[in-house]
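A.B. asks: need a structure here:
(one chain, ligands or ions: 2)
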Amino acid sequence: MKVTGFELRRIAMPLVSPFRTSFGVERDRDVLLVRAVTEEGAEGWGECVAMSAPLYSSEYVDAAAEVVRRYLVPAVLSLPDADPYQAEVPFAKIKGHPMAKAAVQTALLDARLRLAGMPLAAHLGAVRDRVPAGVSVGIMDSIPELLEAVEGYLAEGYLRIKLKIQPGWDVAPVQAVRERFGDILLQVDANTAYTLADARHLAKLDPFDLLLMEQPLPEDDIRGHAELARQVRTPICLDESITSARAAADAIALGATSVVNIKPGRVGGYLEARRVHDVCAANGVPVWVGGMLETGLGRAANVALAALPGCVLPGDTSASDRYFSRDITAPFVLADGHLPVPTAPGIGVDPDPATLTEVTTATEWLAR
Ligand SMILES: CSCC[C@@H](NC(=O)CCC(=O)O)C(=O)O
Ligand SMILES: [Mg+2]
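C.D. replies: Ligands and ions are numbered 1, 2, ... in the order given. Have a look, this model is predicted:
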């Protein structure tokens, strides 16, 4: 496959409501999209999930755009065949920047699969045609406000509730949700907000029968998570720590995680995401697909990944209207708590041209 060039497009997507986590409040997304244009006539889309500031991880969207522009696109344009698997070789020589790499790799993968007439789900090894949807609920100003939000999501049909927590907002909101809504599927996500010194406090979550406790400690504290796992009953799930299939194998071997949140952007793309899935499956560790407030482009690819056999827990693959009043693709809509897996070639969705134009803040064309 020959790529004639790449378009880097920035779009501004306001969120329907502020989304608060232990590391900050998101009110809108400044998204970098990458479009690969090929000589063979197909185009492919990749969504970079890097946020505006380096708060979830070290990446941020302006830096990702620069890495794409300066290193990743030239690396691809120098390849005789712009194949996503071939591109992993020069990409491996560039340190870090997995979200930037994932966006370019996904654009190539989408184009390659559209040319082959193959849906991404089929290429990855999907076994389902729809996936159960969970929803991530931010930190709120009060417990009544939280209960109202959770009630709304349950009424929409979400099959699993994830509560963001942080010191000072953890046991009480979890207890209130459990007492109000009974034995719903419930989990928490701390986004690295605690330390091992908080172990006894985190053990107070154990009576509430949580599916998992996501990333309680800093992303590089594998030993701390292994020690915490010995002090609390709630299963530990890692997110920020799992930067590759090897990182997953290490964390599992060291007893630091018993469930894994897979995010293609965090590990460099859907090809490595499948390897993380396979390593976890080989070790009997359940996985689920996390989210980074993606538009319908990234959401479509995440739903395809969520259809793999090892994805046995509902993921953060919510409907489009969880975050956006208007998506740039046809909206993903919940049906009986599930999202349909796209069946068209590639990622299976396309942005609506008029909507894309309306939300575009910048475009640039990068060619040989
Ligand atoms: C702005 S928070 C992004 C990272 C966070 N993502 C979510 O909570 C799910 C977001 C979504 O539904 O896309 C996580 O750490 O898992
Ligand atoms: Mg998380």
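
A.B. asks: Any figure for the gap between the residue in the stretch 51-200 of the chain that ligand 1 sits nearest to and Val349?
C.D. replies: Closest contact between the stretch 51-200 of the chain and ligand 1, by C-beta to the nearest ligand atom, is at Ser136 (3.4 Å). Glycine gets a C-beta too; all of them are placed from N, C-alpha and C. Relative to Val349, Ser136 is positioned 22 Å away (criterion: C-beta to C-beta, to the nearest Å).

A.B. asks: Tell me which helix or strand comes right after the helix or strand hosting Gln175.
C.D. replies: With the criterion set as DSSP states H and E, the secondary-structure element containing Gln175 is helix 171-181. The element immediately downstream of helix 171-181 (helix or strand, assigned by DSSP H and E) is strand 186-189.

A.B. asks: what about dumping the CA coordinates of that next one to CSV?
C.D. replies: Presented in CSV, the C-alpha positions along strand 186-189 are these (Å, rounded to 0.1, in the frame of the first residue of the first chain):
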residue,chain,number,x,y,z
LEU,A,186,-19.8,-1.5,40.1
GLN,A,187,-16.1,-0.6,40.0
VAL,A,188,-13.9,2.4,40.8
ASP,A,189,-11.0,4.2,39.1
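
A.B. asks: Listing partners with orientation, what would you give for that strand?
C.D. replies: Applying DSSP bridges to the sheet, strand 186-189 is found paired with strand 160-164 (parallel), strand 213-214 (parallel).

A.B. asks: Let's see the first one as CSV, backbone CA atoms only.
C.D. replies: Translated: strand 160-164. The C-alpha trace of strand 160-164 is given here as CSV (Å, rounded to 0.1, in the frame of the first residue of the first chain):
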residue,chain,number,x,y,z
ARG,A,160,-21.8,-1.5,34.6
ILE,A,161,-21.1,1.7,36.6
LYS,A,162,-17.5,2.9,37.1
LEU,A,163,-17.0,5.7,39.7
LYS,A,164,-14.0,7.9,39.6
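
A.B. asks: what's near enough to touch the closest residue to Glu47 other than its chain neighbours?
C.D. replies: Closest residue in space to Glu47, ignoring its immediate chain neighbours: Gly298 at 3.7 Å, by C-beta to C-beta, 6 or more residues apart in numbering. With contact set as C-beta atoms under 8 Å, 6 or more residues apart in numbering, Gly298 has these partners: Glu47, Val49, Gly265, Met292.

A.B. asks: out of the residues you listed, who's nearest ligand 2?
C.D. replies: Distance from ligand 2 was checked for each of the contacts of Gly298 by C-beta to the ion. The minimum falls on Met292, at 9.3 Å.

A.B. asks: residues contacting that closest one?
C.D. replies: Neighbour list for Met292: Val49, Met51, Tyr56, Lys263, Gly265, Gly298 [criterion: C-beta under 8 Å, 6+ apart].

A.B. asks: repeat that for 6 Å
C.D. replies: Val49, Gly265 (C-beta atoms under 6 Å, 6 or more residues apart in numbering).

A.B. asks: what residues does the protein put near ligand 2?
C.D. replies: On the criterion C-beta under 5 Å from the ion, ligand 2 has as its neighbours in the chain the residues Asp189, Glu214, Asp239.

A.B. asks: Export the strands paired with strand 186-189 as a markdown table, with columns for mean neighbour count.
C.D. replies: As requested, these are exported to a markdown table (neighbours: other C-beta atoms under 10 Å):
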| stretch | mean neighbour count |
| --- | --- |
| strand 160-164 | 24 |
| strand 213-214 | 28 |
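
A.B. asks: still on that earlier bit, any idea how far the residue nearest to Glu47 lies from ligand 2?
C.D. replies: As defined by C-beta to the ion, to the nearest Å, Gly298 lies at a distance of 16 Å from ligand 2.

A.B. asks: what's the helix or strand for that residue?
C.D. replies: Using DSSP H and E, Gly298 falls within helix 296-306.

A.B. asks: which helices and strands sit right next to the biggest helix by length in the chain?
C.D. replies: The helix that spans the most residues within the chain, counting by DSSP state H, is helix 98-116. When contacts are defined as 3 or more C-beta pairs under 6 Å, 6 or more residues apart in numbering; DSSP states H and E, helix 98-116 sits against strand 24-38, strand 43-48, helix 61-67, helix 84-93, helix 264-267.

A.B. asks: and it with helix 296-306, angle?
C.D. replies: Compare the direction of helix 98-116 with that of helix 296-306 by axes from the mean of the first three to the mean of the last three C-alpha atoms, to 10 degrees and you get 80 degrees.

A.B. asks: Residues touching helix 98-116, excluding its own?
C.D. replies: Contacts of helix 98-116 with the rest of the structure, by C-beta under 6 Å, 6+ apart, involve 1, 34, 36, 38, 40, 42, 44-46, 48-50, 59, 64, 67-68, 72, 82, 84, 87, 91, 120, 123, 264-269, 345-347.

A.B. asks: and the helix or strand following it, what's its mean pLDDT?
C.D. replies: Proceeding C-terminally, helix 98-116 gives way to helix 120-124 as the next helix or strand, assigned by DSSP H and E. Across helix 120-124, the average pLDDT comes to 98.

A.B. asks: residues near the nearest residue to Asp129 once chain neighbours are set aside, how many?
C.D. replies: Take Asp129 and drop its neighbours on the chain: the residue closest to it by C-beta to C-beta, 6+ apart is Val341, 5.3 Å away. Val341 is flanked by 22 other residues according to other C-beta atoms under 10 Å.
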